[in-house]
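Colleague: sharing a model prediction with you, sequence too.
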Amino acid sequence: MNMFSKATYISRRKSLKSKIQTGLLLFLGNDESSINFKDNWYPFRQDSTFLYFFGIDIPGLAAIIDIDEDKEIIFGDDRSVEDSVWIGSTPGIHELAAAVGVTLTLPKSEVSTILLKSSKRGVHYLPPFRPENKQKISEWLKIDQTETSVGASVDFIKAVVSLRSFKSSDEIIEINKAIDITVDMHLAVMKMARAGLKEYELAGVVHRKAIESGGQLAYPLILTINGQILHNHFQGNTLKDGNMVLCDAGAETDLHYAGDLTRTFPVGANFSNQQKEIYQIVLDAHLSAIAALKPGVRFIDVHLVACRKLAEGLKSIGLMKGNVEDAVDHGAHALFFQCGLGHMMGLDVHDMEDLGEQYVGYTEELRKSTQFGIKSLRLGKTLEKDFVLTVEPGIYFIPELIDLWHGENRHSDYINYENLMKYRAFGGIRVEDNFVITKDNAQMLGKPLPRTIDDIQDVRNESLNDKLFGVFRLPR
């Protein structure tokens, strides 16, 4: 089992304890989850906050930090001989706990006893997102399941966010590793794609790259010729010349740190003139947003920099009109850019979102917008050194949304619907990279992945020429 050093976990827990005044902190590890019968499980993924503070990557665990008594306990049961027949043996719970600096272990059945005995001092827990963990909290604390999310500790949430938001040098090394693998996944797809292949054939290469590097996918793969569907997980289409492929894929390392990149490229050797036009607008917005990244800047303002750049570009080709500032203020650009510019990234690809977007991406003073488009921005608050985040502008021509807005004549002062109809079946383009905020600005993480029109077309031309002359082989 791969872990950081014992000192890392001890230090993280010490920092956490300094932020909570009294009571017990309850950590729920995840359990195995069955697919279609009890012993046929989904791939196990440990809870990220449990990993951050305790590092043990096996199912069936819980932990308590008793602030008042300065006591740390890991709860779990050693595997029986019968268990080992089916799933192999692992070190005992006491041995695993010692590896992360915890000396006291108890059977899982003791959790409820400890919690109820000390409940007058207060039990802090984080919002449960898995049904089985809601059930545990309900049973252990004797509360109704419907009230488990409401009872989550805001102090505990804020304390965890205040620690996990800042990535250590060891974490940056791991994230760079994840992004390097992610780059290899994208390059393999970019080199393999050709007319006649199915999307799922390309998806198989992405999965293989992630697994052969010792990890997994960080999130369900988006690989599609219908890039206008923001979270499109269908992969049954056949690639045709004139299509573009949007690939949004990220690797997760064996320590569960994530990468998250998106590239859009032509199925043929080159983008069409119309595709180049839109691609360059997206890339210009991407570069403008990157240039705006630095400590002390609110990410919501970086998002708006990208929105204005997108609107300027769309105006230059006749799809938007009027004053760009006013268009963005009124949300007219959201017909083309319906989502947020980026999000925090780390142990979760959308880091800590299970704790609540308002706590992770916003503050008491800065609340989430309710305006269409910007309401989907997961990160708005002021950037600080050692934050890791994504920058991923896009332009998406969604026929259903175009028809709705056109029918309502919505934002007609800013949108040229007559010209827009020529793009109704265009699809979508996104460009995404990952960054760490430094002392003065931001640094791109991972090795470079082609993103300019010329660089992408160079990869496509070289790849297709190889296939033309009979030297095509599965990229390694």
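Modeller: It's in.
Colleague: mind listing what's buried in stretch 18-32?
Modeller: 20, 23-32 (16 or more other Cβ atoms under 10 Å). Quick note: C-beta positions are derived from backbone N, CA and C, even for glycine.
Colleague: phi and psi next, for the closest residue to residue 442 other than its chain neighbours.
Modeller: Nearest non-adjacent residue to residue 442, counting by Cβ to Cβ, 6 or more residues apart in numbering: residue 293, 3.7 Å away. Backbone torsions for residue 293, taken as degrees, to the nearest 10, come to phi -70, psi 130.
Colleague: ok, now residue 263?
Modeller: Torsion angles, degrees, to the nearest 10, at residue 263: phi -140, psi 150.
Colleague: show me what it bridges to in the sheet.
Modeller: With beta bridges defined as DSSP bridges, residue 263 has these partners: residue 247.
Colleague: so, low pLDDT: which residues of the protein?
Modeller: Counting by pLDDT under 70, the chain contains low-confidence residues at 467-476.
Colleague: mind naming the longest helix for it?
Modeller: Longest helix in the chain by number of residues (criterion: DSSP state H): helix 169-192.
Colleague: pull out the buried positions in the helix or strand following it.
Modeller: In the C-terminal direction, the helix or strand that comes right after helix 169-192 (DSSP states H and E) is helix 199-212. Using 16+ other Cβ under 10 Å as the burial criterion, the residues of helix 199-212 that qualify are 199, 201-203, 205-206, 209-210.
Colleague: closest to residue 270 out of the residues you listed?
Modeller: The closest of those to residue 270 turns out to be residue 202 (Cβ to Cβ; 18.9 Å).
Colleague: picking that back up, between the buried residues of stretch 18-32, which is closest to residue 384?
Modeller: Once Cβ to Cβ is applied, the member of the buried residues of stretch 18-32 that ends up nearest residue 384 is residue 20, at 21.5 Å.
Colleague: residue 187 and residue 219, how far apart?
Modeller: Going from residue 187 to residue 219 by Cβ to Cβ, to the nearest Å gives 19 Å.
Colleague: can you give me the helices in the stretch 51-200 of the chain?
Modeller: 81-87, 93-99, 111-117, 131-141, 154-164, 169-192, 199-212 (DSSP state H, counting those that start in this stretch).
Colleague: what of the stretch 301-450 of the chain?
Modeller: Assigned by DSSP H, counting those that start in this stretch, the helices in the stretch 301-450 of the chain fall at 324-329, 357-361, 399-408, 417-420.
Colleague: mind listing what's buried in the third one?
Modeller: Within helix 399-408, the residues that count as buried by 16+ other Cβ under 10 Å are 401-402, 405-406.
Colleague: need the helices of the stretch 51-200 of the chain in TSV (columns: distance to residue 49).
Modeller: Shown next, in TSV, are the helices of the stretch 51-200 of the chain (distance: least, Cβ to Cβ, whole Å):
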stretch	distance to residue 49
helix 81-87	25
helix 93-99	17
helix 111-117	17
helix 131-141	12
helix 154-164	6
helix 169-192	14
helix 199-212	23
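Colleague: for those, which one sits closest to residue 423?
Modeller: Among the helices of the stretch 51-200 of the chain, the nearest to residue 423 by Cβ to Cβ is helix 199-212 (22.4 Å).
Colleague: roughly how far is the helix or strand following that closest one from the heart of the chain?
Modeller: Scanning forward in sequence from helix 199-212 by DSSP H and E, the next helix or strand is strand 216-217. On the basis of Cα atoms, centre = their mean, to the nearest Å, strand 216-217 sits 12 Å off its chain's mean C-alpha point.
Colleague: could you dump stretch 217-226 to PDB, C-alpha only?
Modeller: Only the C-alpha atoms of stretch 217-226 are listed here, as PDB (Å, rounded to 0.1, in the frame of the first residue of the first chain):
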ATOM      1  CA  LEU A 217      -9.400   7.200 -14.500                       C
ATOM      2  CA  ALA A 218     -10.000  10.100 -12.200                       C
ATOM      3  CA  TYR A 219     -13.500  10.500 -13.400                       C
ATOM      4  CA  PRO A 220     -15.800   9.000 -16.100                       C
ATOM      5  CA  LEU A 221     -14.300   9.700 -19.500                       C
ATOM      6  CA  ILE A 222     -15.900  12.200 -21.900                       C
ATOM      7  CA  LEU A 223     -14.800  11.300 -25.400                       C
ATOM      8  CA  THR A 224     -17.200  12.400 -28.100                       C
ATOM      9  CA  ILE A 225     -17.800  13.900 -31.500                       C
ATOM     10  CA  ASN A 226     -20.800  15.700 -29.800                       C
END
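Colleague: ok, residues contacting it?
Modeller: By Cβ atoms under 8 Å, 6 or more residues apart in numbering, the residues outside stretch 217-226 that reach it are 178, 189, 199, 202-203, 206-207, 210, 231-235, 237, 239-240, 243-252, 258-260, 262, 267, 349, 427-428.
Colleague: can you select the buried ones among those for me in ChimeraX?
Modeller: Selection of buried members from these for ChimeraX, criterion 16+ other Cβ under 10 Å:
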select :178,189,199,202,203,206,210,232,235,237,239,243,244,245,246,247,248,249,250,251,252,258,259,260,262,267,349,427,428
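Colleague: buried ones in stretch 152-163?
Modeller: Within stretch 152-163, the residues that count as buried by 16+ other Cβ under 10 Å are 152-153, 156-157, 159-161.
Colleague: identify, from these, the entry nearest to residue 321.
Modeller: Of the buried residues of stretch 152-163, the one sitting nearest to residue 321 (Cβ to Cβ) turns out to be residue 161, at 41.7 Å.
Colleague: the closest one contacts residue 355, doesn't it?
Modeller: Yes: with contact defined as Cβ atoms under 8 Å, residue 161 reaches residue 355; the gap is 6.1 Å.
Colleague: hmm, back to that, got a list of what the residue nearest to residue 442 touches?
Modeller: 302, 383, 391, 435, 437, 441-442 are the contacts of residue 293 under Cβ under 8 Å, 6+ apart.
Colleague: okay if I get those residues as TSV plus neighbour count?
Modeller: Output for those, formatted as TSV (neighbours: other Cβ atoms under 10 Å):
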residue	neighbour count
302	26
383	20
391	26
435	22
437	23
441	14
442	24
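Colleague: farthest-separated two in these?
Modeller: 391 and 441 (12.7 Å).
Colleague: what ranges do the strands span in the stretch 1-150 of the chain?
Modeller: 24-28, 34-37, 40-41, 62-66, 71-75, 104-106, 123-125 (DSSP state E, counting those that start in this stretch).
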